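K.L.:
sequence? don't have it. structure:
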C-alpha cells in the first residue's frame with residue numbers, strides 16, 4: 001500500500017539469511033551518528049574496523065532510530081514497538097517521574113531465553129538500570145565502564161564453544177557520548193592532538209557562545225567526537241577479533257547500530273537536543289549473517305524496531321515473535337515500511353529516506369517537510385503538504401496514527417535507594433544533561 005502511494009521503484013529487501021539456533025551478537029555504540037563513519041561517507045579514518053567489517057555485510061544506507069534519546073530508543077529496539085505504543089518517553093533528567101518499563105510485551109532477550117539461549121547483556125550507559133526493567137530476559141545484566149564492558153564481552157565469547165547453548169550477547173558502549181576521553185592512540189590515528197582534561201571533553205560551553213564563534217567550535221566538537229569514535233571502533237574490533245578467535249563467527253549473527261545520533265553544532269545545537277533532525281535520527285545499521293550475501297540496502301529505511309523480528313527470522317524462530325511486536329523482519333518486507341522517529345513535540349516519517357515529513361506529535365498535524373536528496377542538512381522547510389512528494393507520505397502518516405495504539409507506561413515507581421538516586425544525578429551531571 002505504501003509503495004503504491006509513494007513509489008514503484010524503491011529497492012527490495014536484503015537477500016534472505018538463515019542461521020538456525022545461531023548465536024546473536026548485538027553491538028551498540030551510544031550516540032553514534034551515521035555520517036561519522038567511513039561506511040557512511042566520513043573521510044577521516046574514524047572507524048577502520050567497522051568499515052572493513054561492513055564490506056561484506058548488509059549495510060542499510062539509511063536507518064532510523066525510533067526516538068532520539070537512549071531509554072525510549074532502547075525500549076523500542078528491544079520490544080519491537082514504537083514509542084507511541086510503549087509509552088515510556090519521560091524526558092532526560094526526570095528520574096523522579098520514571099516508572100518501571102511495561103512488561104506486557106516480551107523483549108527479544110526474553111523470547112530467546114525461553115528458547116534455550118544463554119542471554120548476557122553488558123552496558124556502560126548508567127541509565128539502563130535493572131531497577132527500571134531494562135535487563136528483562138538477560139541472565140546477566142552487567143553495568144561497567146567501557147573497558148569493563150568490552151572485557152566482559154571478550155570473556156563471555158570465550159565460553160561460547162563449550163557452554164552447550166546458543167548465545168545472545170548485547171554490548172553497549174559509551175565512548176562517543178560526552179564526556180569524551182579520546183586515547184593517545186585515537187589522536188595519533190586521526191592526527192588530531194587534543195588536550196583532554198581529567199573530566200573529559202564536552203559541549204557545555206556551546207550555549208554561551210556567540211553566533212560568530214560557533215562555526216569554529218563546531219569543527220572542534222567534530223574533531224573531539226571523531227577521536228572518541230575511533231576508540232569505540234577499536235573496542236568493536238576487539239570483540240569481533242574475539243569472535244573470530246573463538247571459532248564462533250561462522251555461527252553468529254552480528255547486528256551493529258546506535259541508539260541515536262549527536263548534534264555537533266548542527267541546527268545551532270550541540271548534544272542530542274529534543275528534535276528529530278537527521279544528525280539525531282540517522283543511525284548506522286550493519287548486519288552480518290554467515291553465508292548471507294553482503295549488500296547495500298537503498299531506497300528503503302532500516303528501522304531499529306525491526307531488529308527483534310529480524311533476529312528471530314534468521315535463527316529460525318520467526319513463529320515465536322510476540323503478538324505485541326510492531327516491527328517486521330527486514331528480509332520479508334516486500335514493501336518498504338514506514339519509518340517513524342519521535343522526540344518530545346515532534347514526530348517524523350519517511351519511507352525512502354529522502355522525503356521526510358515532520359508533524360506535531362500531540363496534535364497529529366502536519367508541520368513541514370524536507371527533501372533530503374537536495375537538502376541533506378534540512379535547511380529548507382517544505383511548508384506545503386500537498387506537494388507531489390509529501391501528500392502521499394502524509395496519507396501514510398495519518399494511516400499510521402489510526403493503526404498504532406497509543407500507550408501510557410504505567411509501571412511501578414522503581415525502588416531506588418538514596419545512594420542510587422545520587423549516583424544517577426551524578427551521572428546526569430557527568431553526561432552533561434544537568435548543571
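P.N.:
Looks like it arrived, so ask away. Only a predicted model underlies this, so the values are computations on that prediction, with no experimental measurement involved.

K.L.:
residue 339 contacts residue 64, correct?
P.N.:
Yes - if you go by CB atoms under 8 Å, residue 339 and residue 64 touch, sitting 4.6 Å apart. Where C-beta positions appear, they are placed from N, C-alpha and C, glycine not excepted.

K.L.:
joint contacts of these two?
P.N.:
Common neighbours of residue 339 and residue 64, counting by CB atoms under 8 Å, 6 or more residues apart in numbering, are 301, 303, 350, 353.

K.L.:
count the residues that sit near the first one.
P.N.:
Each residue near residue 301 was counted by other CB atoms under 10 Å, and the total is 26.

K.L.:
give me the beta-bridge partners of the closest residue in space to it that isn't next to it in sequence?
P.N.:
The shortest distance from residue 301 to any non-neighbouring residue, by CB to CB, 6 or more residues apart in numbering, is to residue 339 (3.9 Å). Beta bridges link residue 339 to residue 350, judged by DSSP bridges.

K.L.:
can you pull the contacts of residue 339?
P.N.:
Counting by CB under 8 Å, 6+ apart, residue 339 touches 64, 301, 303, 349-351, 353.

K.L.:
and of those residues, the nearest to residue 326?
P.N.:
Nearest to residue 326 among the contacts of residue 339: residue 303, at 9.6 Å, using CB to CB.

K.L.:
three-state assignment of the spatially closest residue to residue 324 that is not a sequence neighbour?
P.N.:
The shortest distance from residue 324 to any non-neighbouring residue, by CB to CB, 6+ apart, is to residue 105 (3.6 Å). The assignment at residue 105 comes out as coil when based on DSSP: H, G, I helix; E, B strand; the rest coil.

K.L.:
residues in contact with residue 105?
P.N.:
79-81, 86, 322, 324-325.

K.L.:
may I ask which two of those residues are separated the most?
P.N.:
The two members of the contacts of residue 105 with the most space between them (CB to CB) are 86 and 322, at 12.7 Å.

K.L.:
please identify which of the two sits among more neighbours.
P.N.:
Using other CB under 10 Å as the criterion, residue 86 and residue 322 rank with residue 86 on top: 26 against 18.

K.L.:
from residue 362, how far off is the more buried one?
P.N.:
17 Å (CB to CB, to the nearest Å).

K.L.:
flag every buried residue along stretch 173-188.
P.N.:
Neighbour-count burial for stretch 173-188, counted by 16 or more other CB atoms under 10 Å, picks out 173-182, 186-187.

K.L.:
ok, stretch 41-59 next?
P.N.:
Buried, per 16+ other CB under 10 Å, within stretch 41-59: 42, 44, 46-47, 49-51, 53-54, 57-59.

K.L.:
and it, how far apart are its ends?
P.N.:
With CA to CA, to the nearest Å applied, stretch 41-59 spans 13 Å between its terminal residues.

K.L.:
what's the answer for stretch 370-384, then?
P.N.:
From its first residue to its last, stretch 370-384 covers 11 Å (CA to CA).

K.L.:
contact partners of stretch 52-60?
P.N.:
14, 17, 39, 236, 240, 254, 256, 285-289, 292-297, 301-302, 330.

K.L.:
so among the residues you listed, which ones count as buried?
P.N.:
14, 17, 39, 236, 240, 254, 256, 285-289, 292, 294, 297, 301-302, 330.

K.L.:
counting only helices, which of the residues you listed make the cut?
P.N.:
Counted as lying in helices by DSSP state H, out of these, are 236, 240.

K.L.:
which ones among the buried ones among the contacts of stretch 52-60 are found in strands?
P.N.:
254, 256, 285-288, 297, 302 (DSSP state E).

K.L.:
looking at these, which is nearest residue 114?
P.N.:
For those, the nearest to residue 114 is residue 254 (22.4 Å; CB to CB).

K.L.:
look at the residue located most distally from the centre of the chain and report its pLDDT.
P.N.:
In the chain, counting by CA atoms, centre = their mean, residue 212 sits farthest out from the average C-alpha position, at 32.8 Å. Turning to residue 212, the model gives it a pLDDT of 96.

K.L.:
quick one: residue 253 and residue 20 touch, right?
P.N.:
No - between residue 253 and residue 20 there is no contact under CB under 8 Å: 10.9 Å.

K.L.:
how many other residues sit next to the residue nearest to residue 131 when sequence neighbours are not counted?
P.N.:
Spatially, and ignoring its direct neighbours in sequence, residue 131 is nearest to residue 414 (4.4 Å; CB to CB, 6+ apart). Residues within reach of residue 414, counting by other CB under 10 Å, total 16.

K.L.:
with adjacent residues omitted, what lies nearest to the residue nearest the centre of the chain?
P.N.:
For the chain, the residue nearest the mean C-alpha position is residue 259 (2.4 Å; CA atoms, centre = their mean). Nearest residue to residue 259, sequence neighbours excluded (CB to CB, 6+ apart): residue 73, at 4.4 Å.

K.L.:
tell me the spacing between the one you found and residue 127.
P.N.:
11 Å.

K.L.:
quick one: which of these two has more around it?
P.N.:
Using other CB under 10 Å as the criterion, residue 73 and residue 127 rank with residue 73 on top: 25 against 20.

K.L.:
mind listing what that one touches?
P.N.:
Per CB under 8 Å, 6+ apart, neighbours of residue 73: 65-67, 259-260, 304.

K.L.:
of the contacts of residue 105 - the most surrounded one?
P.N.:
Among those, residue 80 has the most neighbours (other CB under 10 Å), with 32 neighbours.

K.L.:
mind listing the helices for the stretch 51-200 of the chain?
P.N.:
Counting by DSSP state H, counting those that start in this stretch, the stretch 51-200 of the chain has helices at residues 70-79, 83-86, 108-114, 146-159, 184-190.

K.L.:
would you mind finding the most buried of those?
P.N.:
helix 70-79 (a mean of 26; mean count of other CB atoms under 10 Å).

K.L.:
for it, the averaged confidence score.
P.N.:
Here helix 70-79 scores 96 as its mean pLDDT.

K.L.:
what of stretch 275-295?
P.N.:
Stretch 275-295 comes out at a mean pLDDT of 97.

K.L.:
swap in stretch 137-153?
P.N.:
97.

K.L.:
and the end-to-end length of that stretch?
P.N.:
OK, stretch 137-153 end separation, CA to CA: 17 Å.

K.L.:
now swap in stretch 252-268 and tell me
P.N.:
42 Å.

K.L.:
all set now, cheers.
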